[in-house]
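requesting a structural model of the entry that follows:
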Amino acid sequence: MNAPLHASQAQFAVRDDCLQIGGMALTRLAERVGRTPFYAYERGAIAARVAALRRVLPEALRLHYAMKANPMPALVGLLAGLVDGIDVASGGELKTALDTTLAPGQISFAGPGKGDAELRSAVAAGILINLESEREMERVAIIAESLGMDAQVAIRINPDFELKQAGMKMGGGARQFGVDAESVPAMLRRVGQLGLDFAGFHIFSGAQSLSAAALAESQLHSVRLALRLAQCAPAPMRSLNIGGGFGVPYFPGERALDIDALGASLHAAHEALASASPQTRLVIELGRYLVAEAGVYVCRVIERKLSRGKVFLVTDGGLHHHLAASGNFGQVIRKNYPVAIGNKMRGDVREAVSVVGPLCTPLDLLADQLEMARAEAGDLVVVFQSGAYGLSASPTAFLGHPAPLEVLV
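Below is the predicted model of the structure:
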């Protein structure tokens with residue numbers, strides 16, 4: 001039998017051949033939840049990831065959670081007690097963030113298409129608004145005046161560089177995100193004319209990078225760009241959010257980020273910023289890296305089916321719950337997420353199978369000819385690395401199946 005064609009997992013314990021989540025056997029957790037499919041996120045794994053980062057990051061650096069990775073309210077509430085701020089990307093996420101223990105001043109709002117109602121809520125709440133365009137700047141000024149309030153703003157910059165070796169490019173070239181770097185000086189002058197409360201800049205150049213060297217280069221470029229543009233600002237730069245982009249391994253051959261190397265590079269970036277602009281606080285914004293590996297998606301085998309020599313495990317879950325694992329959320333060539341039979345992690349008998357869901361489309365594929373323990377109807381299929389961009393990034397209404405549950409354990 002060939003080696004499993006996905007990244008290995010070691011973040012959860014296995015006891016008596018059964019996966020343990022939050023100190024509980026998966027079979028027992030499934031009974032506690034009451035039905036499958038469901039997502040489960042482990043509190044201890046999230047707290048441990050934040051603590052590991054804190055050990056290597058500069059003490060003065062602010063760590064923010066990017067809620068778009070996973071907006072489950074209980075999970076966001078947990079992270080609110082562990083991080084220094086939350087970054088939101090919609091009015092709905094803003095409501096969730098405001099329901100936490102964090103002060104409004106610790107919340108920021110980014111996104112290229114903010115509606116007037118969202119902007120009014122943001123100004124009224126007193127959070128930081130990351131301006132994505134000149135027109136958005138003018139709209140914020142009108143709203144602030146109508147409310148009789150100051151609006152705290154930062155300019156999101158579309159830099160003239162991109163994060164190398166990134167799974168998703170967010171900066172450089174023509175982008176819907178932010179303001180082209182060469183247009184920022186004129187916009188800064190207008191910010192001063194409008195009387196907006198200028199706080200600083202937001203630069204997010206890419207996502208899902210496993211290269212510490214590429215991330216370090218992007219961080220230093222971001223600091224240098226911000227310092228140059230700050231010379232045109234109507235007020236001192238109080239905050240610089242240089243995004244995140246820290247990736248996690250999903251597929252064969254991928255290796256976890258070198259956190260020690262990242263810590264060293266962030267110390268260097270922080271020192272460069274502090275020496276030139278000591279009043280500026282440096283912020284990194286992480287989503288996937290904080291929660292992806294702490295979560296699993298669990299579905300149950302309904303039927304074991306043989307078709308022309310190939311085994312299919314038909315489950316009650318699928319792409320409508322976990323679009324990313326099906327390969328339809330950004331993959332060019334489909335690759336398997338880490339998938340296993342959670343109640344038979346090793347199994348006495350191994351085989352290559354495909355795991356499919358109940359939808360009437362061949363795209364409903366959670367694992368393609370992947371080695372795992374022999375499974376029967378009733379066994380539990382687990383998709384690892386599922387704590388980020390899982391349920392909220394999936395087309396749950398497709399074909400009218402029930403939505404999965406979510407639990408924090």
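
identify the residues contacting residue 114.
By C-beta atoms under 8 Å, 6 or more residues apart in numbering, the contact set of residue 114 is 122, 129, 132, 136. Where C-beta positions appear, they are placed from N, C-alpha and C, glycine not excepted.

please list the members of these that lie in strands.
residue 129 (DSSP state E).

buried ones among the contacts of residue 114?
Using 16 or more other C-beta atoms under 10 Å as the burial test, the contacts of residue 114 include 122, 129, 132, 136 as buried.

end-to-end on stretch 305-315?
11 Å (C-alpha to C-alpha, to the nearest Å).

what does it rub up against?
With contacts defined as C-beta under 8 Å, 6+ apart, stretch 305-315 is touched by 37, 299-304, 351-358, 366, 369, 375, 381.

re earlier: farthest-separated two in the contacts of residue 114?
122 and 132 (12.6 Å; C-beta to C-beta).

on that earlier part again, show the buried residues in the contacts of stretch 305-315.
Among the contacts of stretch 305-315, the ones that count as buried by 16+ other C-beta under 10 Å are 37, 299-302, 352-358, 366, 375, 381.

show me these that map onto strands.
Going by DSSP E, the strands hold 299-302, 352-356, 366, 381 from the buried ones among the contacts of stretch 305-315.

which single one of the residues you listed is nearest to residue 226?
Proximity of those to residue 226 (C-beta to C-beta) peaks at residue 366, which lies at 42.1 Å.

for the closest one, which non-adjacent residue is closest in space?
Of all residues not flanking residue 366 in the chain, residue 355 sits nearest, at 4.3 Å (C-beta to C-beta, 6 or more residues apart in numbering).

per-residue confidence for the one you found?
Note for residue 355: predicted pLDDT of 98.

list the contacts for it?
312-313, 315, 339, 365-367, 370, 381.

now these in a markdown table, with pLDDT and distance to residue 157?
Shown next, in a markdown table, are the contacts of residue 355 (pLDDT from 0 to 100; distance: C-beta to C-beta, whole Å):
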| residue | pLDDT | distance to residue 157 |
| --- | --- | --- |
| 312 | 98 | 48 |
| 313 | 98 | 47 |
| 315 | 98 | 44 |
| 339 | 96 | 39 |
| 365 | 97 | 39 |
| 366 | 97 | 39 |
| 367 | 96 | 40 |
| 370 | 95 | 42 |
| 381 | 98 | 43 |
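
in a markdown table: the residues you listed, plus distance to residue 191.
Below are the contacts of residue 355 laid out as a markdown table (distance: C-beta to C-beta, whole Å):
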| residue | distance to residue 191 |
| --- | --- |
| 312 | 58 |
| 313 | 57 |
| 315 | 53 |
| 339 | 49 |
| 365 | 49 |
| 366 | 48 |
| 367 | 51 |
| 370 | 53 |
| 381 | 52 |
